[in-house]
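Student: Sequence first, predicted model second:
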Amino acid sequence: MSDYPGDSPAKQIARMQMWNCLLDIMSNNSEPHDIAARDMPTWDASKLRNERFLVLASKACGDVATLIGCGIEPSQIIACDLDTSAISACRDRFPGVEIYHGDVIEAARKTRPSVAFLDFCAPWWKETGDISHGVLREMPRRSHIAIAVLKGREGDRMAPAAITNRSARRAGVPASNCSARSALGLFGPHPRPLPGPPPRLPDTSRIDLMHTWLQERNVHDRELVPLFWQSYKSDTDGRSGSPMLMVAWKIRRPRGWREIAGARGHLRTRRPERAVVEFVVGQTSTADVRRVAASHGFSRDACLQLNIAPGTAAAWKAHATRGTYANYQG
């Protein structure tokens, strides 16, 4: 959490899209397919005043900025980090945000958030899996969790005894149900596909591994329901960034789960009733971030959602309007 290099263009767009869609699901009880059919997420932040959001702070404060830009009150946000400089940056930039300097699992235990987003700068392997599982154990039964990881480089570290063919079959992971794809209108109808050969481990298989790891090791009074996923990568100044994968789940009390004489029933995870939607981001550049901001008139909320620095937003708007920096009302 302390070595986050800063937001890439793909991260800015993917994070905005992820929070927009998740807030739509929470506010309107929407299904990802409903959002895809509407071609644009919509939400009412006033319906979410009782929700609490746990995010990793980072020096860029990206998730905090995006949530505030979406209308979430600072007091609803818990920003956690082990790095003192990240904590200081978040406290200075966004007064009112609840700061937790320490372990994210302990933060989840003490704050009991209704939403947690773990944006790792690492692949999905035992360390990131253990942290995710630890946070999941502390989440309420009716909540949401999203996890972002680097794609690739899992290697043999993704083959612990906890993930076996037997457990994968029993967990009912969503391998055959990850086919639906949607490019939301906010980000253009034809996102550029990621360059290069397909990864050795397909995204759907990687989602299977993440889902199985969390559900098999999860306490048996919670069921994970995959909602949507994103695959994204930045192209900045001719340099290609690291490919990323983000998956969002709903956490609920399992259907048919029951407690007898204090003993927990064994959970068999069902396959999702509907296909898990891929909200396409693809390969993006700074020009794509500028285009999205321009489509919102470089408004303060849109620039916060994209975590664009005020000076950068002012320069972009001045260029777009052939005006001056004074024209920007950020």
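Tutor: Done, it's in. Numbering: from 1, shown residues only.
Student: beta partners of Ser231?
Tutor: Per DSSP bridges, the residues bridged to Ser231 are Leu245.
Student: Check whether it really touches Thr284, as I assumed.
Tutor: No: here Ser231 lies out of contact with Thr284, judged by C-beta atoms under 8 Å, at a distance of 11.5 Å. Heads up, the C-betas are built off the backbone N, CA and C, glycines and all.
Student: Between these two, which is the more surrounded one?
Tutor: Just comparing Ser231 and Thr284: by other C-beta atoms under 10 Å the higher neighbour count belongs to Thr284, 27 against 23.
Student: All the strands of this protein, residue numbers only.
Tutor: For the chain, the strands defined by DSSP state E occupy 53-56, 77-81, 98-101, 115-123, 143-150, 181-182, 223-236, 239-240, 244-252, 259-260, 263-264, 277-279, 282-284.
Student: With mean pLDDT and distance to Ala315 as extra columns, can I get those strands in CSV?
Tutor: What follows is the strands of the chain, written out as CSV (pLDDT from 0 to 100; distance: least, C-beta to C-beta, whole Å):
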stretch, mean pLDDT, distance to Ala315
strand 53-56, 97, 28
strand 77-81, 96, 28
strand 98-101, 95, 31
strand 115-123, 92, 27
strand 143-150, 94, 29
strand 181-182, 46, 32
strand 223-236, 82, 17
strand 239-240, 66, 22
strand 244-252, 91, 27
strand 259-260, 34, 59
strand 263-264, 34, 57
strand 277-279, 78, 29
strand 282-284, 75, 19
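Student: May I see those arranged in CSV, with distance to Lys47 as well?
Tutor: Conversion of those to CSV gives the following (distance: least, C-beta to C-beta, whole Å):
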stretch, distance to Lys47
strand 53-56, 14
strand 77-81, 17
strand 98-101, 21
strand 115-123, 14
strand 143-150, 15
strand 181-182, 24
strand 223-236, 18
strand 239-240, 40
strand 244-252, 17
strand 259-260, 31
strand 263-264, 32
strand 277-279, 22
strand 282-284, 30
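Student: among those, which is nearest His296?
Tutor: Among the strands of the chain, strand 282-284 comes nearest to His296, with 16.2 Å by C-beta to C-beta.
Student: so how far is the closest one from its chain's centroid?
Tutor: 16 Å (C-alpha atoms, centre = their mean, to the nearest Å).
Student: before we move on, what about stretch 68-84?
Tutor: On C-alpha atoms, centre = their mean, the centre of stretch 68-84 falls 14 Å from that of its chain.
Student: need the contact list for Gly129.
Tutor: Met210, Trp213, Leu214 (C-beta atoms under 8 Å, 6 or more residues apart in numbering).
Student: Repeat that for Leu67.
Tutor: Taking C-beta under 8 Å, 6+ apart as the test, what Leu67 contacts is Trp19, Phe53, Val55, Gln76, Ile77.
Student: Looking at those, which two lie furthest apart in space?
Tutor: Counting by C-beta to C-beta, the most remote pair of these is Trp19 and Gln76, 12.8 Å apart.
Student: More neighbours: these two, which one.
Tutor: Between Trp19 and Gln76, counted using other C-beta under 10 Å, the more crowded position is Trp19 (25 against 21).
Student: Could you tell me how many residues sit around Pro74?
Tutor: 14.
Student: excluding its backbone neighbours, what's nearest it?
Tutor: Distances taken as C-beta to C-beta, 6 or more residues apart in numbering place Gly96 nearest to Pro74, at 3.4 Å, with adjacent residues excluded.
Student: Next, give phi and psi for the one you found.
Tutor: Torsion angles at Gly96 (phi, psi; degrees, to the nearest 10) stand at phi 100, psi -20.
Student: what residues are up against it?
Tutor: Taking C-beta under 8 Å, 6+ apart, one finds Glu73, Pro74, Ser75 in contact with Gly96.
Student: Chain neighbours aside, what residue packs nearest to the first one?
Tutor: If you skip the residues right next to it in sequence, Glu73 has Arg49 as its closest partner in space, 7.2 Å away by C-beta to C-beta, 6+ apart.
Student: so what pLDDT did the nearest residue to His101 once chain neighbours are set aside get?
Tutor: Excluding its sequence neighbours, the residue lying closest to His101 (C-beta to C-beta, 6+ apart) is Ile87, at 4.9 Å. The model reports Ile87 with a pLDDT of 94.
Student: same question, Pro310
Tutor: With respect to pLDDT, Pro310 scores 83.
Student: how far away is it from Leu209?
Tutor: Distance, Pro310 to Leu209, by C-beta to C-beta, to the nearest Å: 40 Å.
Student: Ok, Asp44 next?
Tutor: For Asp44, the distance to Leu209 - C-beta to C-beta - is 35 Å.
Student: Who has more neighbours out of these two?
Tutor: Leu209 (19 against 12).
Student: Please tell me how far that one sits from Ser234.
Tutor: 24 Å.
Student: just checking, Val289 touches Leu306?
Tutor: Yes: the pair Val289 / Leu306 is scored as a contact, 5.9 Å apart, by C-beta under 8 Å.
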